[in-house]
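Undergrad: The sequence and its predicted three-dimensional model are supplied below.
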Amino acid sequence: MITLTVNGVLHSLDVDPETPLLWVLNEHLNLTGTKYGCGTGECGACTVIIDGNAELSCSITAEEAQHSEITTIEGLKGETADALGRAWVEEDVSQCGYCQPGQIMTAAVLLTHNPEPDDGTIDAQMSGVLCRCGTYQNIRKAIHLASRELCHGKK
Ligand code: FES
Ligand code: FES
């Protein structure tokens, strides 16, 4: 048995310990907001937060994820998440939407560690999450908008 804490809930699961965390989230816990893009650590669509860091859930086994706090897009809460949600809508970021959970999870970690990132920091942090729809410019604007709200109360 594998034991995982996901979005604050402890789950005991009868899965092969070598199963990628992404598969466990999607297929065993029905948390389908975390997306499969490449399965090989190249696209960032599967990004979740593990112990405060943005991690690729396709590249971590269920066994490796034990004893950690795992947050998926379904469980992302708090003022940073709220500010990002508002900013994403304001800047009309999402196009097809497929990459967006990975983008938002990565942005949430960025703003948690660096509340006022400059363009270079945003681009560096976000570069691991690919977007076929080319929403990068709007993602950058939305992160700045969320940052301003969080740091200065401006929307
Ligand atoms: Fe994990 Fe692409 S699905 S990096
Ligand atoms: Fe379509 Fe990013 S919004 S892949």
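TA: Structure received. Ligands and ions are numbered 1, 2, ... in the order given.

Undergrad: hey, which helix is longest across this protein?
TA: In the chain, with assignment by DSSP state H, the single longest helix is helix 136-152.

Undergrad: Please give the centre-to-centre distance between that helix and its chain.
TA: For helix 136-152, the separation from the chain centroid amounts to 16 Å (computed by CA atoms, centre = their mean, to the nearest Å).

Undergrad: Tell me which other helices or strands that helix touches.
TA: Where contact means 3 or more CB pairs under 8 Å, 6 or more residues apart in numbering; DSSP states H and E, helix 136-152 is packed against helix 79-90, helix 100-113, helix 119-126. Using the backbone N, CA and C atoms, a C-beta is placed for each residue, glycine as well.

Undergrad: which ones are touching the closest residue to E63 other than its chain neighbours?
TA: Spatial nearest neighbour of E63, chain neighbours left out: P17 (3.6 Å); criterion: CB to CB, 6 or more residues apart in numbering. Contact analysis of P17 by CB atoms under 8 Å, 6 or more residues apart in numbering lists 2, 61-63.

Undergrad: Now, of these, which are buried?
TA: Neighbour counting with 16 or more other CB atoms under 10 Å marks 2, 61-62 as buried within these.

Undergrad: can you tell me which of those are in strands?
TA: Judged by DSSP state E, the subset of the buried ones among the contacts of P17 located in strands is I2.

Undergrad: That'll do, ta.
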